[in-house]
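Enquirer: Please work out how this folds:
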Amino acid sequence: MSVDEKVDPVSGEEVAKTKKTEILDSVFGEDYNKIEARFTIFAAVLIAINNGMTNGICLSGVITIDAPANDPLNPQTAMVSGVAAYVTNSGRFLSTWDDWDAYRYNTSMFLSYMFGALISGILCPNGKPYAVDPMFGPAFMIGGTMLLGSSILAAFEQQTRWIWYLALAANAVQNGVASIYSANLIRCTLTGATTDIGIIIGQMMRGNFDKVGRGCVLVIIVICFWTGGVISFYAVQAFKTRTLLINAGVFYCVGILNIFYLVSQLKISLCQAITGHWDWKDVLNKIKPDGDKQSLFDLFNELDNDGSGTLDMYELKKGLKGKVSVQELHALLQAADTDGSGDVDKREWEELINELYRKDEPNEGLAVSLRNPMRD
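Expert: You can find the predicted model right below:
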């Protein structure tokens, strides 16, 4: 594996970076949490395979095999990974006025997808790129329940369009959460992904390799989606109308994976992780420093080495090197960065300190070393 020499922004020393590390840096930024990045990539692969498989099952015609052949309100097959065709058909049938049932069906399909995305937005109103939102777990559980409802209708051979409505809404929930977290990088609708891949390849042909990492992620998503389609072909032959139950189970697994990450890595309680009743200040309270408020106010100026009036992850790393873990640094930045800029200004820092000392609780975690992190 090839390696390049890079300057570490924390130590100023030259360090070797593998191509794999450079690709991850280009996707997540150089201050990403490696454990979180692994969880994210695994979840993205699982979501893409599950989405492709769900779509393949719904297009197979097997789960509604006894449905009437020409019922515009309850078709035998449906695509549930995107809505472009439904939007187009809705306009087409409205214009002709000759098939009102087809218009109702197509309009209801794209509204179902929008409803699923709406749920993601309501649950995560202040989602920030590459920051775990408290409601990601509950969102996946809601999406899983929607897909479970769809799969139960199919398993009991209920020939109803609600199979498609619920499956489409469930896919929109997971796509919405993935888009919020990854700043629209991880998307399981392939139109945007293939467009971006084509753009990136064209840029690479002209010598611009800045988005190679993003392109690699998108290619992986497309391959995983395609793999899900292959799996769906064999799954419907084996499980017939019960096949969607597998996808509902995978959906719940992604939610459980999110909950496991919160409990194991951020030390959130199981109840908080399941319900989403936590925020980054709860995480930070576990590492709240000992000392008076003024010493922490003064800490901002000590760490603001470039005089920009803001702190970024590099300055926090440099100032607190050896004093805190990477996970604690991420918690500090996420709790303080209320506007989602990626940096912490003095107002945000002071609000954070005031919030921490508003509660009369024992101080834990970083201990006295945080009072003067520049002292070694």
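Enquirer: When you work out contacts or count neighbours from here on, use the C-alpha atoms and nothing else.
Expert: OK.
Enquirer: Next, count neighbours for E351.
Expert: 12 (other C-alpha atoms under 10 Å).
Enquirer: just Q294 next, same as before
Expert: The burial count for Q294: 11, using other C-alpha under 10 Å.
Enquirer: For it, give me the pLDDT.
Expert: For Q294, the pLDDT comes out at 75.
Enquirer: Ok, N106 next?
Expert: So, for N106, pLDDT stands at 94.
Enquirer: And P138, by the same measure?
Expert: pLDDT at P138 comes out at 92.
Enquirer: ok, the closest residue to A131 other than its chain neighbours - contacts?
Expert: Nearest non-adjacent residue to A131, counting by C-alpha to C-alpha, 6 or more residues apart in numbering: Y181, 6.5 Å away. Taking C-alpha atoms under 8 Å, 6 or more residues apart in numbering, we find Y181 in contact with G127, K128, P129, Y130, A131, V132, D133.
Enquirer: Closest one of those residues to T191?
Expert: T191 lies nearest to P129 out of the contacts of Y181, by C-alpha to C-alpha, at 21.4 Å.
Enquirer: Quick check: the closest one vs R347, distance?
Expert: Distance, P129 to R347, using C-alpha to C-alpha, to the nearest Å: 21 Å.
Enquirer: If you count surrounding residues, which of those two has more?
Expert: Under the criterion of other C-alpha under 10 Å, the comparison of P129 against R347 puts P129 first, with 19 against 11.
Enquirer: Was I right to think that one contacts A178?
Expert: No - between P129 and A178 there is no contact under C-alpha atoms under 8 Å: 9.9 Å.
Enquirer: follow-up on the earlier one: export the contacts of Y181 to TSV and append columns for secondary structure, distance to S60 and pLDDT.
Expert: What follows is the contacts of Y181, written out as TSV (DSSP: H, G, I helix; E, B strand; the rest coil; distance: C-alpha to C-alpha, whole Å; pLDDT from 0 to 100):
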residue	secondary structure	distance to S60	pLDDT
G127	coil	36	79
K128	coil	37	75
P129	coil	36	74
Y130	coil	36	73
A131	coil	37	75
V132	coil	35	80
D133	coil	35	84
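Enquirer: mind checking the SS state of the residue sitting furthest away from the middle of the chain?
Expert: Ranked by distance from the centre of the chain (C-alpha atoms, centre = their mean), the top residue is D98, with 41.9 Å. With DSSP: H, G, I helix; E, B strand; the rest coil as the basis, D98 sits in coil.
Enquirer: Next, give phi and psi for it.
Expert: Here is the backbone geometry of D98 (degrees, to the nearest 10): phi -110, psi 0.
Enquirer: Check L311 too.
Expert: Per degrees, to the nearest 10, the backbone of L311 is at phi -110, psi 130.
Enquirer: Contact partners for the nearest residue to it once chain neighbours are set aside?
Expert: Sequence neighbours aside, V344 is the residue nearest to L311 in space, at 5.0 Å (criterion: C-alpha to C-alpha, 6+ apart). In this structure, V344 makes contact with T310, L311, D312, L333, A336, D337, judged by C-alpha under 8 Å, 6+ apart.
Enquirer: Which pLDDT value goes with the second one?
Expert: The confidence metric pLDDT takes the value 77 at L311.
Enquirer: Neighbours of it, how many?
Expert: Around L311 there are 23 residues (other C-alpha under 10 Å).
Enquirer: Surely it is in contact with D304?
Expert: Yes - the criterion here is C-alpha under 8 Å, and L311 meets it with D304 at 5.9 Å.
Enquirer: What helix or strand is G176 located in?
Expert: helix 162-182 (DSSP states H and E).
Enquirer: Now do that helix, average pLDDT.
Expert: 91.
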